[in-house]
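Q: show me how the following folds:
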Amino acid sequence: MGIGDRLGEYFAVEESGSDVRTEAIAGLTTFLAMSYIILVNPIILSEAITVEGYSQVEVQQMIAIATIIASLVATLVMALYARRPFALAPGMGLNAFFAFTVVLGLGIPWQTALAAVFVEGLIFIVITAVGARKYVIELFPEPVKFSVGAGIGVFLLFIGLQEMQVVVADESTLVALGDVASSPVAGLGVLGLAGTFVLWARGVKGSIVLGILGTAAAGWLLTFAGVFERGVVTPPTLASAQYDLTPLAGAFLEGLDGVDPLTFTLVVFTFFFVDFFDTAGTLIGVSQFGGFLDEEGDLPEIEKPLMADAIGTTVGAVVGTSTVTTYIESSTGVEEGGRTGLTALVVAALFALAIVAVPLIAAIPAYASYIALVVVGIIMLQGVLDVEWNDPAWAVSGGLTITVMPLTYSIANGLAAGIIAYPVIRAATGDFRKIRLGQWLLAAALVGYFYVQTSGMLL
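A: Residues are numbered from 1 along each chain as shown. You can find the predicted model right below:
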């Protein structure tokens, strides 16, 4: 029996309606769609993390390796323990909160911020082990569970179009159509996107990967041909790796000294809530897209992928990076047919290779990688068909879940808005029997979360 057959048997690939080749393509697709985090996370965190005797570039290289290690460990747990096709890495938004709000805004040492992430990870491990996270997620109202996929789809679409410069910032209207005809990035991105859609519509296996690689290759060919200067449609430089993690690994222990209890608690609270609902929303949304949810809209054995998130966050804090979460880009691999932990195992293997191949990953322009988000974002909009729009509680709760995500750039905020709205609107219709006590309590807790986030308490 070959290694492919053994992997297929271990992950029950055939029983899941897939095959080893499909799972491998799905893993490659997910990795290409999320590999930008290896480059972006260090840029964000290095604004806050400074190490005496090392330049910012060297610190960025350290954080890149820490990012890879945390992603590798968390995704391995997802693959081998949870056996789900989901990948994990330090979360976007959570890293910005770590750097700009906690460290630069509050003036908290970066070591203390890492300590807060570590404590959050330990809390997650404990409450996941006792089933508390699973219980809370199962309290999510049905309209939230069935609309989160479409909400993530719009969010993905919005992110992708921004990175491709098709949607740009505007002082008057906040966003507007970019200069597609005059922007090389937008023009090449749109052409690559069109080609990817054609391949997908024709049912070509690996269409998203082919679209990403084809667009990247076109950018490099145009650069080598002298049509564009280096850095216009290709990365200006290719990064190298700094393997000495000594200044970062274990630095969270220093952060536990002289901590202000109130501030530290608020920081842990915010990390906890955002990560909790961001991960829950991603798992439910991608699972809905892949057909993994049961009739009640729950993911069977959800505590297993949640444990991968908890362990990843704890390990990430130890090696020197911010909170690890399940990635919405996992939906790109699910779209390619990934159905088992073998997809995640391939992603983990590619993260391991990335340690010695950071320059190769950096050769793929960001706009090419984000083609995957636009394609999958549109496909995920089919989730709106599962929402009972003629029911006021479903319409309001589901509608807020879908729209608040992209408008506030947060999966967690969209989930929170939908969860808060459901019992209020359901009560307004007089149908109190369909509201569980836990849903009222969860809504009240999320009102508290929004208050902390918007009251200036963390500034």
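
Q: next helix or strand past the helix or strand hosting Trp220?
A: Here Trp220, judged by DSSP states H and E, is contained in helix 207-224. Using DSSP H and E, the helix or strand that follows helix 207-224 towards the C-terminus is helix 261-290.

Q: next SSE downstream of that next one?
A: That would be, after helix 261-290 and using DSSP H and E, helix 303-319.

Q: give me the nearest residue to Gly153, chain neighbours excluded.
A: Met380 (3.0 Å; CB to CB, 6 or more residues apart in numbering). Where C-beta positions appear, they are placed from N, C-alpha and C, glycine not excepted.

Q: who's in contact with that neighbour?
A: Gly149, Ala150, Ile152, Gly153, Leu156, Gly285, Phe289, Ser331 (CB atoms under 8 Å, 6 or more residues apart in numbering).

Q: other SSEs contacting the helix or strand containing the first one?
A: Using DSSP H and E, the element containing Gly149 is helix 142-163. Contact partners of helix 142-163 among helices and strands, from 3 or more CB pairs under 8 Å, 6 or more residues apart in numbering; DSSP states H and E: strand 167-170, helix 261-290, helix 371-379, helix 392-408, helix 411-428.

Q: going along the chain, name the helices of the stretch 1-150 of the chain.
A: Along the stretch 1-150 of the chain, counting by DSSP state H, counting those that start in this stretch, helices occupy 3-10, 20-34, 37-45, 56-77, 94-96, 110-129, 132-138, 142-163.

Q: if you average pLDDT over each of the ones you listed, which is lowest?
A: Mean pLDDT per stretch puts helix 94-96 lowest among the helices of the stretch 1-150 of the chain, at a mean of 81.

Q: outside of that helix, which residues touch it?
A: Asn41, Ile44, Leu45, Phe271, Val274, Asp275, Asp278, Thr321, Ser322, Thr323, Thr325.

Q: quick one: the third one from Ala201, how far?
A: Spelled out, that is Leu45. 39 Å (CB to CB, to the nearest Å).

Q: have a look at these two and say which one is more surrounded.
A: Leu45 (29 against 9; other CB atoms under 10 Å).

Q: what residue lies at the spatial centre of the chain?
A: Central residue of the chain (CA atoms, centre = their mean): Tyr327, 2.8 Å from the mean position.

Q: OK, contacts around that one?
A: Thr30, Met34, Ile37, Phe86, Ala87, Leu88, Ala89, Gly91, Thr282.

Q: how about Gly27?
A: Contacts of Gly27 (CB under 8 Å, 6+ apart): Pro85, Gly333, Gly338, Leu342, Thr343, Ala344, Leu345, Val346, Val347, Ala349, Leu350.

Q: same thing with Asp294?
A: Pro300.

Q: pLDDT at it, what is it?
A: 87.

Q: and it, how far is that from Ile435?
A: 21 Å.

Q: now do Ile37
A: For Ile37, the distance to Ile435 - CB to CB - is 39 Å.

Q: between the two, who's got more neighbours?
A: Between Ile37 and Ile435, counting by other CB under 10 Å, Ile37 is the more crowded of the two (22 against 17).

Q: what residues does that one make contact with?
A: Applying CB under 8 Å, 6+ apart, the residues contacting Ile37 are Thr67, Ser71, Ala89, Pro90, Met92, Tyr327.

Q: how close does the closest residue in space to Gly219 that isn't next to it in sequence get to Thr29?
A: Excluding the flanking residues, the one nearest Gly219 by CB to CB, 6+ apart is Val233, at 3.9 Å. In this view, Val233 and Thr29 are 22 Å apart by CB to CB.

Q: comparing those two, which residue is more hemmed in?
A: Using other CB under 10 Å as the criterion, Val233 and Thr29 rank with Thr29 on top: 32 against 25.

Q: save the contacts of Tyr327 as TSV, and put in distance to Ala181 too.
A: Listed next are the contacts of Tyr327 as TSV, based on distance: CB to CB, whole Å:
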residue	distance to Ala181
Thr30	32
Met34	30
Ile37	31
Phe86	38
Ala87	36
Leu88	39
Ala89	35
Gly91	35
Thr282	35
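
Q: next one: Tyr449 from Thr263, what distance?
A: Taking CB to CB, one finds Tyr449 at 17 Å from Thr263.

Q: got it, and Gly8?
A: 51 Å.

Q: who's more crowded, the two?
A: Gly8 (22 against 17).

Q: with adjacent residues omitted, what lies nearest to that one?
A: Val20 (5.0 Å).

Q: list the contacts for the one you found?
A: Gly4, Asp5, Leu7, Gly8, Val13, Leu342 are the contacts of Val20 under CB under 8 Å, 6+ apart.

Q: roughly how far does Phe271 sit from Ala79?
A: Computed as CB to CB, the Phe271 to Ala79 distance reads 25 Å.

Q: narrow the contacts of Gly27 to just the buried residues.
A: Those of these that meet the buried threshold are Pro85, Gly333, Gly338, Leu342, Thr343, Ala344, Leu345, Val346, Val347, Ala349, Leu350, by 16 or more other CB atoms under 10 Å.

Q: which ones are touching Ala12?
A: Here Ala12 is in contact with Arg83, Thr340 (criterion: CB under 8 Å, 6+ apart).

Q: next, count neighbours for the nearest residue to Trp220 once chain neighbours are set aside.
A: Spatial nearest neighbour of Trp220, excluding adjacent residues (CB to CB, 6+ apart): Thr234 at 5.6 Å. Using other CB under 10 Å, the number of residues around Thr234 comes to 22.

Q: of all the contacts of Tyr327, which two lie farthest apart?
A: Across these, no pair lies farther apart than Thr30 and Gly91, at 15.4 Å, counting by CB to CB.

Q: neighbour-wise, which of these two wins?
A: For Thr30 versus Gly91, neighbours defined as other CB under 10 Å are more numerous around Thr30 (32 against 29).

Q: my guess is that one meets Thr332, correct?
A: Yes. Counting by CB atoms under 8 Å, Thr30 touches Thr332, with 5.5 Å between them.

Q: count of residues packed around Leu193?
A: Neighbours of Leu193 using other CB under 10 Å come to 23.

Q: and for Tyr370?
A: 26.

Q: check the one 5 residues further on too.
A: Residues within reach of Val375, counting by other CB under 10 Å, total 25.

Q: so who does it touch?
A: With CB under 8 Å, 6+ apart, Val375 has these contacts: Leu193, Thr196, Phe197, Trp200, Ser207, Ile208, Gly211, Thr332, Glu335.

Q: lowest average confidence, helix or strand, in the protein?
A: helix 358-362 (a mean of 67; mean pLDDT, DSSP states H and E).

Q: what's the first helix or strand after it?
A: helix 366-369.

Q: contact partners of that following helix?
A: 32-33, 35-36, 163-165, 185-186, 188-189, 192, 212-213, 215-216, 219, 233.

Q: low-confidence stretches in the stretch 251-400 of the chain?
A: 358-362 (pLDDT under 70).

Q: switch the cut-off to 90
A: 255-282, 285-286, 288-291, 293-298, 328-329, 335, 355-377, 379-386 (pLDDT under 90).
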